[in-house]
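Colleague: the following block contains a protein sequence and its predicted model.
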Amino acid sequence: MADISAAEIPRLQQTLQRLLGSPNLTVNKPARKGMSVEIAVAGEVIGTVYRDEDEGEVSYAVNLTVLEEDLPPA
């Protein structure tokens with residue numbers, strides 16, 4: 001996995017906002033080098049995004065976390 005550059009973050013944010021239909025989604029740069037880039041909605045972190053480069057092709061993997069306590073009652 002490669003680090004996500006500062007120039008990629010706004011592009012990722014715009015794309016994820018469009019794909020997920022949430023203008024409140026933000027992609028936040030890590031607090032320090034080596035930490036994950038975080039995805040948040042209305043300030044609440046919901047996951048991370050990772051960059052992968054293989055044979056010159058770049059892709060991004062999004063890992064969303066949903067806590068059971070945040071689910072509606074069964």
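Modeller: That came through fine.

Colleague: list the contacts for the nearest residue to residue 39 once chain neighbours are set aside?
Modeller: Nearest non-adjacent residue to residue 39, counting by Cβ to Cβ, 6 or more residues apart in numbering: residue 47, 4.7 Å away. C-beta: built from backbone N, CA, C; applies to glycine. Counting by Cβ atoms under 8 Å, 6 or more residues apart in numbering, residue 47 touches 38-39, 62-65.

Colleague: just the strands from this structure, written as ranges.
Modeller: 25-28, 37-41, 44-54, 57-64 (DSSP state E).

Colleague: residue ranges with poor pLDDT in this protein?
Modeller: 1 (pLDDT under 70).

Colleague: quick one: the closest residue in space to residue 36 that isn't next to it in sequence from residue 3, how far?
Modeller: Closest residue to residue 36 apart from its sequence neighbours, by Cβ to Cβ, 6+ apart: residue 48 at 4.1 Å. For residue 48, the distance to residue 3 (Cβ to Cβ, to the nearest Å) stands at 13 Å.

Colleague: more neighbours: these two, which one.
Modeller: In this view residue 48 and residue 3 are compared by other Cβ atoms under 10 Å, and residue 48 has more residues nearby, 18 against 13.

Colleague: so the more buried one touches residue 38, yeah?
Modeller: Yes - counting by Cβ atoms under 8 Å, residue 48 touches residue 38, with 5.8 Å between them.

Colleague: so who does the closest residue to residue 12 other than its chain neighbours touch?
Modeller: Nearest residue to residue 12 in three dimensions, chain neighbours excluded: residue 27, at 4.8 Å (Cβ to Cβ, 6+ apart). By Cβ under 8 Å, 6+ apart, the contact list for residue 27 reads 9-10, 12-13, 16, 37-39, 49.
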